[in-house]
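Novice: dropping a prediction and its sequence here:
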Amino acid sequence: MQAAATKQKVNVESIKMAIAEKMDSASFASWIAPLNFAVESGCLTLTAHNQFSADFINSVYANVLGDVAAQFGLALNVAVRGANMVLAAAPSNDNRVQTFAPAPIAPAAHAEFDAFVTSDENAFVVSACKKLAAGAVSFSPLYIYGPAGCGKSLLAGCINSAAAGRTLMMTGGQFVAEFARSLREHSIFAFKDFCRKCDTFILDDVHALAGKRATTEEFIQLIMDLRAAGKNIVLTANAAPAGLTGFDRRAQSLMASGLVADVAAPSRHVKRVMLTRAGVEMDVADALAEEEAELSIVYAPKVSTLSTMPVNLAGENKSRVSVVIGQAGSGKGAELFNDKTNTGKASVSGLGVVMGLLSSAKVHQCIAWIKEFPTGVSLPAFGDGTLLRDVDKALLETLDTARYLFFVTHTGQAG
């Protein structure tokens, strides 16, 4: 009896070693090592934590696993851990939590390729984005890079809107936060499943992962698994793969293994078109376009429903873009908003307040300095009329992370 148990143990360890020799270390550690191995009645049974993991292993690694099992004269069976099985002490990547839901965020704004002003310099990258969205490419990933404000996030959003099947778009900051949360909540396998259940995966501002070793390892494994499964991958960053700091050569090589395309900064013509599309008069647009300095934009979108407000309207790391979605919840501002002639329910006071404060500020001053630049808004509200005090705290934190501006005076606090 003891000899049989020892023989099975030796066989299992030998099988694991044989599988590891046929796979890259990251794939083995991520997918195979956590499985429960058992040999019984001439069959090697690998038990996964959930159905998705079992399906993914069968679809991607079945040939490798089957070949190794055959070397030992065994059949192969990939099973799912049953609900009535006794769980051992939970490791850090325990997946007793069978589902994963990302932190509540409002959907990204619908974007179309016509919204991107195409120049000769950017014709290639736009063409690549359209072909990927149409499913007419064989390369993966598509890596888009360029300086802040060049339109990387817009192109990523266009792909997200146009691609067929299920698309998953995340910012680098969101990926970092969700990965960390899955570790805290012991739902790492469910997080893996969530990221892989898509036809197109888009990560905007991948440079946000720089220096975060564990997150980068998970990201690398995700890209490798998505490629092996034939999925589309889109990455955006502020530099070419070889120029990204905080990533090792393996990560840089993986990101550059598909198609790398740069997005040029807006030319004068592109700036002119952008400004006129935004409603700026032609002569003013011409004058601004001639300026060599980057454009600074203060944008006040129509807010029909606060819960559906896009969280990346300004774009991550776009320091020259400010989005105003607030207004006065009382007084003249509220009266104008509630007036029956305001049929579109447009925010009528927030943009005016911000522009007034900017006009009175000196170049070195920040209008967030409440003492010097009071808003005059005693009861802040959002563009749909919802009072700030009535908004769920989790939604406020999400919007705050997305760099929206709030009309809030913190008594006793400077700045």
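Specialist: In hand now; what should we look at?
Novice: helices of the chain, start to end?
Specialist: According to DSSP state H, the chain carries its helices in the segments 2-21, 25-27, 51-71, 123-133, 152-162, 172-184, 188-196, 213-228, 249-255, 268-277, 282-290, 331-338, 350-360, 393-401.
Novice: can you convert those into a markdown table and add a column each for mean pLDDT, mean neighbour count and distance to residue 145?
Specialist: From N, CA and C alone the C-beta is placed, and that goes for glycine too. Conversion of the helices of the chain to a markdown table gives the following (pLDDT from 0 to 100; neighbours: other C-beta atoms under 10 Å; distance: least, C-beta to C-beta, whole Å):
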| stretch | mean pLDDT | mean neighbour count | distance to residue 145 |
| --- | --- | --- | --- |
| helix 2-21 | 69 | 12 | 35 |
| helix 25-27 | 74 | 14 | 24 |
| helix 51-71 | 81 | 16 | 29 |
| helix 123-133 | 93 | 18 | 9 |
| helix 152-162 | 91 | 23 | 7 |
| helix 172-184 | 88 | 18 | 13 |
| helix 188-196 | 88 | 22 | 22 |
| helix 213-228 | 89 | 18 | 16 |
| helix 249-255 | 88 | 16 | 10 |
| helix 268-277 | 80 | 17 | 18 |
| helix 282-290 | 74 | 14 | 24 |
| helix 331-338 | 74 | 16 | 42 |
| helix 350-360 | 71 | 16 | 32 |
| helix 393-401 | 70 | 14 | 24 |
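Novice: just put these in a markdown table and tack on distance to residue 372.
Specialist: Supplementary listing: the helices of the chain in a markdown table, determined by distance: least, C-beta to C-beta, whole Å:
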| stretch | distance to residue 372 |
| --- | --- |
| helix 2-21 | 64 |
| helix 25-27 | 53 |
| helix 51-71 | 55 |
| helix 123-133 | 43 |
| helix 152-162 | 33 |
| helix 172-184 | 31 |
| helix 188-196 | 45 |
| helix 213-228 | 40 |
| helix 249-255 | 45 |
| helix 268-277 | 30 |
| helix 282-290 | 28 |
| helix 331-338 | 21 |
| helix 350-360 | 9 |
| helix 393-401 | 22 |
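Novice: quick one: contacts for the residue sitting nearest the centre point of the chain?
Specialist: When the chain is reduced to its mean C-alpha position, the nearest residue by C-alpha atoms, centre = their mean turns out to be residue 170, at 1.2 Å. Residue 170 is in contact with 102, 178, 202, 203, 204, counting by C-beta atoms under 8 Å, 6 or more residues apart in numbering.
Novice: could you do residue 381 as well?
Specialist: With contact taken as C-beta under 8 Å, 6+ apart, residue 381 is in contact with 326, 327, 328, 329, 334, 387, 388.
Novice: can you tell me which of these is closest to residue 183?
Specialist: Using C-beta to C-beta, residue 388 is the member of the contacts of residue 381 that sits closest to residue 183, with 32.7 Å.
Novice: how about the closest one: what's its closest non-neighbour residue?
Specialist: Counting by C-beta to C-beta, 6 or more residues apart in numbering, residue 380 is the residue found nearest to residue 388 once chain neighbours are left out, at 4.4 Å.
Novice: can the contacts of residue 170 go into a markdown table with extra columns for distance to residue 40?
Specialist: Rendered in a markdown table, the data for the contacts of residue 170 read as follows (distance: C-beta to C-beta, whole Å):
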| residue | distance to residue 40 |
| --- | --- |
| 102 | 39 |
| 178 | 38 |
| 202 | 44 |
| 203 | 42 |
| 204 | 48 |
